[in-house]
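Q: just coords:
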Ligand code: FES
């Protein structure tokens, strides 16, 4: 829980999906069209990691069974049913911070 510095803007290229361990939790940090998203590194379908998935049209696509999670809403497509949690990402100067619940 709490607010954690996770790196610098320059560390992450656009359209990247990066696994991070933050505050003892495994996350995926996404940079997409200049925006930042942080989500748990666990698909809500069968709990496989999401960091080995891909980005497509504003969604993370799980490579295991193909569920798509909308980056803005966390809403999934089948076979996942449960939405993906999303954590706030803030940029201060060149520093990136993620706040965990
Ligand atoms: S584990 Fe992600 S779609 Fe099944």
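A: On my side now, so go ahead. Since the model is a prediction, treat every value here as computed from it, not as a measurement.
Q: For stretch 25-44, which residues meet the burial criterion?
A: Across stretch 25-44, burial judged by 16 or more other Cβ atoms under 10 Å covers 25, 27-32, 36-44. In this view, the C-beta of every residue, glycine as well, is placed from N, C-alpha and C.
Q: wait, stretch 45-52
A: With burial defined by 16+ other Cβ under 10 Å, the residues of stretch 45-52 counted as buried are 45, 48, 49, 50, 51.
Q: Quick check: residues of the chain near the ligand?
A: Proximity of the chain to the ligand (Cβ under 6 Å from any ligand atom) is limited to residues 43, 45, 46, 48, 62, 64, 65, 66, 67, 79, 80.
Q: Next one: the second one relative to residue 87, how far apart?
A: Summarising the geometry, the distance separating residue 45 from residue 87, computed by Cβ to Cβ, to the nearest Å, is 20 Å.
Q: Serialize the residues of the chain next to the ligand to CSV and add fields for pLDDT and secondary structure.
A: Formatted as CSV, the residues of the chain next to the ligand follow (pLDDT from 0 to 100; DSSP: H, G, I helix; E, B strand; the rest coil):
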residue, pLDDT, secondary structure
43, 98, coil
45, 98, coil
46, 98, coil
48, 98, coil
62, 98, coil
64, 97, coil
65, 98, coil
66, 98, coil
67, 98, coil
79, 98, coil
80, 98, coil
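Q: now for the buried residues of stretch 25-44, which pair is the farthest apart?
A: Within these, 31 and 44 form the most distant pair, 21.9 Å apart (Cβ to Cβ).
Q: Grab the nearest non-local neighbour of residue 48.
A: residue 64 (4.4 Å; Cβ to Cβ, 6 or more residues apart in numbering).
Q: And residue 29, by the same measure?
A: residue 18 (4.9 Å).
Q: Next up, the contacts around that neighbour.
A: 12, 28, 29, 30, 51 (Cβ atoms under 8 Å, 6 or more residues apart in numbering).
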